[in-house]
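Undergrad: sequence below, structure please.
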Amino acid sequence: MFVLANILGAAAKILSSVTFIYTWIIIISALLSWVRPDPYNPIVRTLRALTEPVQWRVRKWLPFVYINGLDLSPLVIILFLQFFDYAVVASLAELAVRMRVGG
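TA: Predicted coordinates for the structure are as follows:
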């Protein structure tokens, strides 16, 4: 049982790291949108490729994300990522701990 607990614990840590990194990618992309960087820059293109599909879906599902010309889709995504980290990832980590103690 301890092997499964270790796998779940590792998965929780990896998911937490991925949500943390993606949160920062969203923040950087939102900040870059304020200064209009060169669209041919490889870093800008990578950031857009990582964030634009998710932001497009949020804009499609929630039509109110544009308020007075301000795009709120990065905020919605960050809130979702925080919820995912606090609810799902924390529950997975807690399950791993309980499996170690109980087994």
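Undergrad: use CA for all of it now, contacts and neighbours both
TA: OK.
Undergrad: what segments of the chain are helices?
TA: 2-35, 42-61, 73-84, 90-102 (DSSP state H).
Undergrad: for the second one, the distance to its chain's centre please.
TA: Right, helix 42-61. 12 Å (CA atoms, centre = their mean, to the nearest Å).
Undergrad: and what of the last one?
TA: Centroid separation for helix 90-102 versus its chain: 23 Å, with CA atoms, centre = their mean.
Undergrad: closest one to I67 among the helices of the chain?
TA: Minimum separation from I67 across those (CA to CA) falls at helix 73-84, 10.5 Å.
Undergrad: how about low-confidence regions in this protein?
TA: 65-66, 103 (pLDDT under 70).
Undergrad: would a markdown table of the helices of the chain with distance to I67 be doable?
TA: Shown next, in a markdown table, are the helices of the chain (distance: least, CA to CA, whole Å):
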| stretch | distance to I67 |
| --- | --- |
| helix 2-35 | 15 |
| helix 42-61 | 12 |
| helix 73-84 | 10 |
| helix 90-102 | 33 |
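Undergrad: having no further points to raise, I will conclude here.
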